[in-house]
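1. Build me a model:
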Amino acid sequence: MNAKRIISSLIGFPIVALLLIYGNQIVIDIAFSAIAIICLHEFYHAFKKKNNPVEWIGYAIAVLIAFIHIVPTEYVKNSLQLLLPTVMVILFLSVIVTDMKTTVKDMMITLLGIVYILGFIVFIPMLRGANNGVYYIWYIIFIAWGTDIFAYFIGKQFGKHKFSKISPNKSVEGCIAGAVRCCYSKLIIYTCTEYYCRI
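-> Now for the predicted structure:
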């Protein structure tokens with residue numbers, strides 16, 4: 001059993017719970033900006049042995065999450081429309097300026113981190129600021145955290161086949177168990193919601 005993982009979960013969950021329940025919107029935005037930076041660092045680090053992603057671009061965009069409820073909404077919408085083209089231009093310039101030391105593959109890994117990590121994390125503080133947003137957030141946490149924990153325990157007990165060299169501790173069995181648990185959790189929540197709405 002991975003004691004470090006269990007301890008981090010036992011400490012991390014109450015902190016996130018207290019933050020989402022009692023934190024004001026600005027505090028939540030700053031916290032998830034920091035979480036985004038940590039997640040991006042872990043993502044880029046997984047590719048570091050053979051690639052050199054342009055990390056600073058991802059980190060700079062992650063910092064912007066802290067300002068999504070400070071800047072007026074119309075500016076946020078306009079900025080989001082310009083964000084992807086601007087990032088693409090900067091990445092192409094990085095390839096040219098470094099004389100191909102930054103490769104197209106590095107560029108795509110950088111872009112994938114921004115879309116995959118930041119593209120999802122930014123919706124948590126945005127959703128928290130919406131009407132009844134706190135309830136939707138708990139739904140997301142219940143599904144995501146529970147799926148991760150279930151996949152971890154099943155993978156530890158029954159995992160025989162390695163999933164990927166990028167994440168060597170993950171197993172195919174754990175990934176399947178996590179996916180099944182996620183689907184059943186959504187089905188249970190949906191069924192309970194439908195039942196109580198009829199009462």
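2. Domain boundaries for this structure, per the record?
-> 1-130, 131-199 (automatic domain parsing).
3. In this structure residue 106 contacts residue 52, no?
-> Yes - between residue 106 and residue 52 there is a contact under C-beta atoms under 8 Å: 5.1 Å. Where C-beta positions appear, they are placed from N, C-alpha and C, glycine not excepted.
4. okay, now the closest residue to residue 67 other than its chain neighbours: neighbour count?
-> Leaving aside its chain neighbours, residue 67 sits nearest to residue 29 (7.2 Å; criterion: C-beta to C-beta, 6 or more residues apart in numbering). Neighbour count for residue 29, taken as other C-beta atoms under 10 Å: 23.
5. give me phi/psi at residue 162?
-> Main-chain dihedrals, residue 162, degrees, to the nearest 10: phi -70, psi 140.
6. Equivalent analysis for residue 161, please.
-> Dihedral angles (degrees, to the nearest 10) for residue 161: phi -110, psi 120.
7. Between residue 106 and residue 52, point out the one with more neighbours.
-> residue 106 (23 against 16).
8. Contacts only, for that one.
-> Contacts for residue 106 were tallied using C-beta atoms under 8 Å, 6 or more residues apart in numbering; they are 51-54, 94-95.
9. Redo those as a markdown table? Include secondary structure and pLDDT.
-> Conversion of the contacts of residue 106 to a markdown table gives the following (DSSP: H, G, I helix; E, B strand; the rest coil; pLDDT from 0 to 100):
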| residue | secondary structure | pLDDT |
| --- | --- | --- |
| 51 | coil | 89 |
| 52 | coil | 90 |
| 53 | coil | 92 |
| 54 | coil | 92 |
| 94 | helix | 90 |
| 95 | helix | 88 |
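10. Confirm that residue 164 sits in a helix.
-> No - going by DSSP: H, G, I helix; E, B strand; the rest coil, the assignment for residue 164 is coil, not a helix.
11. Is there a neighbour count for it? I'd like the number.
-> Neighbours around residue 164, by other C-beta under 10 Å: 11.
12. what does residue 134 give?
-> Residue 134, neighbours per other C-beta under 10 Å, totals 14.
13. The helix or strand hosting it packs against which elements?
-> Applying DSSP states H and E as the criterion places residue 134 in helix 133-158. With contacts defined as 3 or more C-beta pairs under 8 Å, 6 or more residues apart in numbering; DSSP states H and E, helix 133-158 has these neighbours: helix 3-22, helix 123-128, helix 172-198.
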